[in-house]
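K.L.:
Next input, structure requested:
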Amino acid sequence: MPLLEAHGLIKSFGGLRATDTVDLAVEPGTVHALIGPNGAGKSTLVNLLSGRILPDAGRIVLQGQDISKAPAYRRVQMGIAYTFQITSVFPNMTIEANVELAAMARHKARDAMAQAVDHALETVGLSDRRQQLAGDLAYGHQRLLEIALGIVQKPSLLILDEPTQGLGDAEVQWFVDLLKSLRSETTLLLIEHNMDVVMAVADTITVLQFGRVLASGDPESIQSNAAVQSAYLGG
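P.N.:
I've put the predicted structure just below:
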């Protein structure tokens, strides 16, 4: 059974239908990538899945439970974590305090929260900088902190919105290795424009165009799909 399913999702803004009867199935323990040109509906779709906006029509099912109308905070409690395309850390708080704040959404016992914070910081390589102000971090390290904010919630699904945007080649490779390691502890839904990253980490790729699903499949089938090549991959 898929971990997360979307059935016929529709969301309009004025006269624009940003998602148009979108179906999606994210299997547990996989990396599922969403790709498509700017304006294809990727951000709208993940905002629907995470509860930041609600659909006009359609259903969202998490582990067999309909969450279509559940608010964002409830979906966090149920196991969906979301990292933003633009970093949303608190710059005047320490790295550790930022992660502790995120941990409160899922952990009530102090010991459990401390262990989760330690694990998240170690996973992203920020343990030795935990007392540094988040605002003093370079951009790439702020992206790492953003991922730590998701990991600490111990989600069943971690949504990553453009995690490698604005990074240099060396930082991108580090992120690829990190994403590969994360799949052992959570399912990943990844929005990413860097196709080298997508092809390196994704098990399944869904391509959106004009708010609709153009194609969905493994990386090899997506690369060889003529419609995808014409619409997005350029060939």
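
K.L.:
my guess is Glu5 meets Ile60, correct?
P.N.:
Yes. Between Glu5 and Ile60 there is a contact under C-beta atoms under 8 Å: 7.3 Å. C-betas here are computed from N, CA, C, even on glycine.

K.L.:
okay, these two: which has more neighbours?
P.N.:
Neighbour totals were compared for Glu5 and Ile60, and Ile60 leads with 24 against 17 (other C-beta atoms under 10 Å).

K.L.:
how much space is there between that one and Gly217?
P.N.:
As for Ile60, its distance to Gly217 is 22 Å (criterion: C-beta to C-beta, to the nearest Å).

K.L.:
Contact partners for the one residue sitting closest to the centre of the chain?
P.N.:
In the chain, the centroid-proximal residue (C-alpha atoms, centre = their mean) is Ile159; its distance is 1.7 Å. Counting by C-beta atoms under 8 Å, 6 or more residues apart in numbering, Ile159 makes contact with Val46, Leu49, Ser50, Ile80, Ala81, Tyr82, Thr83, Gly150, Leu188, Leu189, Leu190, Ile191.

K.L.:
Okay, buried residues for stretch 127-147 please.
P.N.:
129-130, 133-134, 137, 140-147 (16 or more other C-beta atoms under 10 Å).

K.L.:
scratch that, stretch 222-235
P.N.:
Ile222, Asn225, Val228, Ala231, Tyr232.

K.L.:
where do the strands sit along this protein?
P.N.:
Taking DSSP state E to define them, one finds strands in the chain at 4-13, 16-26, 31-35, 57-62, 65-66, 80-83, 157-161, 187-191, 204-209, 212-217.

K.L.:
so where is the protein shaky, pLDDT-wise?
P.N.:
84-87, 233-235 (pLDDT under 70).
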